[in-house]
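K.L.:
I need the structure of the sequence given here:
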Amino acid sequence: MAKVIKIGHVAKFKTSNGEEAEMINFSLADKSGAILATCTDTSKDRMIKEGKTLHIREFILKNGRVAMSHKTKVLAKPNMDIPVDILQKAEHLILPPSPIKKVEEILASPLRSITTVQGQLSKIESTKTVKVNGTDTVIRTISIEENGKKIDVTLWREMAEEDLKIGQYLSISHCMLNEWQLHKSLTQHIIQPLTTTVRGNIDSITLNDIAVEIALKEDSKEEYKDFSVDLAIIRSVFPDTLQVRVEDLENYLLQKLPILVELIVQGSNVQNMHLIEQDVWTMMLNKAKVTESVENVASSIIPIRSSVVVSYDGFKVEPSLPLTTAVSMSTRRHQSIKNSIRTLPKCDVFDQVKLT
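P.N.:
So this is what the prediction gives:
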């Protein structure tokens, strides 16, 4: 009697008669220890479930493994409690420990060592079909880059057909280091998007039915990265959009660009978004909504009280000194808007002006 702890991969092969067959790999445990097992009878797959306790008879013990076939009898039994240390051993039989290492460290590791690699996807090759035990098997080679170092990773079977995109950050665990013609590479077991934090300006957007596609320019970098943000996240970050119709949402957001944000991303999908506050002058310069040169400001001045709040697209500036400012104030593209604010005699004309 034993408990199924961890199910591994399903291997496809051809029998000596040329017939296609499958073999499932899994680990079993009882209170005394853990062992690997295989089963070539697909009719028993419904019984082999993680956490299920089984009574197994008429199996073969082969190379330290329990080998089950069509002759094996499998019956369900009440749940068996397994000590934690044995549970861990049983899991490691299918998924050995996979420490996270930098690419540079991986390249210096012993061959056939197991590791987890994390980094940015820099190359995706086309899928190929190879023969494994007489069965067509899909593979694909990708490249992971981290701190200027690259390593190729070969993806197998369904993982080779994952929808991956250049620029994604990935965490690929349980990779085995191999070498062929002095070129070191990894063979993958488990792949998942890596959760990372990126900061930068959202420069452009497009809206579809369920998400907003954004182009983000990271701080101190020239290239853009594309991400998808769920509409629910957008509406939570910008509460005012709750009152905006979907068909008007894109135009609403375009008026706010560029937007400085910090994103929590998994692959190309945004899990969370935080706005980063900027001082009003930086914001006004970024938006560059100016229509006249600074030399023309003097001719278009309308005085306001010193206690007045001047608003600019939702940002408010309260003058600290008696001043007047212009309704239509502007500057050259690369010149500070501050230069178009002039201190003049105090007077009472308007309570508020909207800068355009």
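K.L.:
if I pick the residue lying closest to residue 127 once chain neighbours are set aside, what's in contact with it?
P.N.:
Nearest in space to residue 127, with sequence neighbours left out and distances taken as CB to CB, 6 or more residues apart in numbering, is residue 140 at 4.7 Å. Glycine gets a C-beta too; all of them are placed from N, C-alpha and C. With contacts defined as CB atoms under 8 Å, 6 or more residues apart in numbering, the neighbours of residue 140 are 124, 125, 126, 127, 128, 154, 155, 160, 161.
K.L.:
if you set the cut-off to 6 Å instead, what comes out?
P.N.:
125, 127, 155, 160 (CB atoms under 6 Å, 6 or more residues apart in numbering).
K.L.:
Likewise for residue 23?
P.N.:
Taking CB under 6 Å, 6+ apart as the test, what residue 23 contacts is 11, 38, 40.
K.L.:
Determine the number of other residues adjacent to the first one.
P.N.:
Meaning residue 11. Around residue 11 there are 17 other residues, counting by other CB atoms under 10 Å.
K.L.:
That one and residue 161, how far apart?
P.N.:
Between residue 11 and residue 161 the computed distance is 18 Å (CB to CB, to the nearest Å).
K.L.:
likewise the second one?
P.N.:
The gap separating residue 38 from residue 161 is 25 Å, by CB to CB.
K.L.:
Show me what the helix or strand containing residue 262 is packed up against.
P.N.:
Remark: residue 262 resides in strand 259-266, with elements defined by DSSP states H and E. Secondary-structure packing of strand 259-266 (3 or more CB pairs under 6 Å, 6 or more residues apart in numbering; DSSP states H and E): strand 195-207, strand 269-275.
K.L.:
Pull the residues that contact the first one.
P.N.:
The contact list for strand 195-207, computed with CB under 6 Å, 6+ apart, reads 169, 212-219, 249-250, 253, 258-266.
K.L.:
which of these count as buried?
P.N.:
Among those, the ones that count as buried by 16 or more other CB atoms under 10 Å are 169, 212, 214, 216-217, 249, 253, 258-261, 263, 265-266.
K.L.:
Now do stretch 49-67, average pLDDT.
P.N.:
Averaged over stretch 49-67, pLDDT sits at 90.
K.L.:
Report the separation between the two terminal residues of it.
P.N.:
16 Å (CA to CA, to the nearest Å).
K.L.:
residues in contact with it?
P.N.:
With CB under 6 Å, 6+ apart, stretch 49-67 has contacts from 1, 3-4, 7, 35-38, 68, 71-75, 77, 79-80.
K.L.:
In ChimeraX, select just the buried ones from those residues.
P.N.:
ChimeraX command restricting the contacts of stretch 49-67 to the buried ones, with burial defined by 16+ other CB under 10 Å:
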select :3,4,7,35,36,37,38,68,72,74
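K.L.:
Okay, and which of the contacts of stretch 49-67 map to strands?
P.N.:
3, 4, 7, 35, 36, 37, 38, 68, 73, 74, 75 (DSSP state E).
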